[in-house]
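Trainee: Below: sequence and its predicted model.
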Amino acid sequence: MEISIEILALLFLAAGLAGCIDAIAGGGGLITLPVLMATGISPAQAIATNKLQSSFGSFSSTFYFVRHGLVSLRQMWLAIVCTFIGAATGAELVQILDAELLTSLIPGLLIAISLYFLLAPQAKAETDKKAALSDGLFALLVGTSVGFYDGFFGPGTGAIFAVCFVVISRLSIIEATARAKVLNFTSNIAALIFFLAAGLPVWKLGLVMAVGQFLGARIGARIVVNKGQKWIRPLVILMSLSMALKLLWEQHQQWLLSVI
């Protein structure tokens, strides 16, 4: 397909901004998916290409967090495995199951996440409390289910992982963000494998955006390390509410079309 230099430049910039926001609070797909759809490719190609480019961003921020000692992959191996299995299962089942029910539940979940971060005390004050689940149970229940959600649908996965680490594992929001990005990268890769097998990603667009994602995610990860909770909490609230409103609006449009 023929894409102008101007469009490629717009995709690069959009991916860079999305990568930065996604590394901090999640929700970068709110930016990249509509931009990809605007290029004229099919919805399936847009979703697959979005997963391709976002994998580079989640890898970039994951690598930065690991290198700076905010997360240990060895400690998270079980959660990584469970998340991969869940995401692979979701990516396979989405081809044969109706996602309407799951889609209808997500706005409420995202609004709940926003209210938690808006009204809850600072996460640092909760780190001395005992975790509600052991690491093994967290990996099995949260890793598998949220991984499945990302493979099956996707919006808000990073924010959902982060709030689970804060609420269930009692981690600080910086630690939660770092671990969430590791699992988000895992679910991205698992789903991407199935999209690649189906030949859906548009490589020309995906690779241009991948460069922007990689650079933007590095900047976002650096902000997390240096600015911490000051930037993360407001962005989590903003992105979660934005995703919820977007999904509610899309559902409202579908309802109106069905009535008409």
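Mentor: Okay, I see it. Residues are numbered from 1 along each chain as shown.
Trainee: can you list contacts of stretch 184-197?
Mentor: Stretch 184-197 has contacts (Cβ atoms under 8 Å, 6 or more residues apart in numbering) with 26, 47-48, 51-52, 54-55, 58-59, 61-62, 80, 83-88, 90-92, 146-147, 150-151, 154, 157-158, 161, 201. In this view, the C-beta of every residue, glycine as well, is placed from N, C-alpha and C.
Trainee: can you pull the buried residues of that stretch?
Mentor: Neighbour-count burial for stretch 184-197 flags 184-195 (criterion: 16 or more other Cβ atoms under 10 Å).
Trainee: Check stretch 72-79 too.
Mentor: 76, 79.
Trainee: pLDDT of it, averaged?
Mentor: Taken as a whole, stretch 72-79 has an average pLDDT of 94.
Trainee: With stretch 168-182 instead?
Mentor: Mean pLDDT, computed over stretch 168-182, is 90.
Trainee: Can I get that stretch in CSV? Just the C-alpha atoms.
Mentor: Taking Å, rounded to 0.1, in the frame of the first residue of the first chain, the C-alpha atoms of stretch 168-182 are listed here in CSV:
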residue,chain,number,x,y,z
ILE,A,168,-3.5,-7.0,46.0
SER,A,169,0.3,-7.1,46.3
ARG,A,170,0.5,-3.8,48.3
LEU,A,171,3.4,-2.5,46.1
SER,A,172,4.2,1.2,45.7
ILE,A,173,2.9,2.7,42.5
ILE,A,174,6.4,2.8,41.0
GLU,A,175,7.0,-0.9,41.6
ALA,A,176,3.5,-1.7,40.4
THR,A,177,4.1,0.3,37.2
ALA,A,178,7.4,-1.5,36.5
ARG,A,179,5.9,-5.0,37.1
ALA,A,180,2.8,-4.2,35.1
LYS,A,181,4.9,-3.3,32.1
VAL,A,182,6.7,-6.6,32.2
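Trainee: now it, how far from the chain's geometric center?
Mentor: 14 Å (Cα atoms, centre = their mean, to the nearest Å).
Trainee: Settle this for me: residue 19 is touching residue 221, isn't it.
Mentor: No: distance between residue 19 and residue 221: 9.4 Å, which falls outside the contact criterion (Cβ atoms under 8 Å).
Trainee: helix or strand for residue 154, which one?
Mentor: Under the assignment given by DSSP states H and E, residue 154 is not contained in any helix or strand.
Trainee: residues touching it, list them.
Mentor: With Cβ under 8 Å, 6+ apart as the criterion, the residues that contact residue 154 are 29, 47, 51, 191.
Trainee: ok, so of these, who is nearest residue 108?
Mentor: residue 29 (18.8 Å; Cβ to Cβ).
Trainee: nearest residue to residue 72 other than its sequence neighbours?
Mentor: Leaving aside its chain neighbours, residue 72 sits nearest to residue 66 (7.8 Å; criterion: Cβ to Cβ, 6 or more residues apart in numbering).
Trainee: isn't the one you found right up against residue 73?
Mentor: Yes: in this structure residue 66 lies within contact range of residue 73 using Cβ under 8 Å: 6.3 Å.
Trainee: give me the low-pLDDT residue ranges for the stretch 51-200 of the chain?
Mentor: Judged against pLDDT under 70, the low-scoring parts of the stretch 51-200 of the chain cover residues 94-107, 109-110, 113-114, 116-129, 155.
Trainee: again, 90 this time
Mentor: Within the stretch 51-200 of the chain, the stretches falling below the threshold (pLDDT under 90) are 51, 90-133, 149-160, 162-164, 166-167, 170-174, 177, 191, 194-195, 197-200.
Trainee: where do the helices sit along it?
Mentor: Taking DSSP state H, counting those that start in this stretch, the helices of the stretch 51-200 of the chain run over residues 77-93, 100-119, 135-138, 144-152, 157-167, 173-197.
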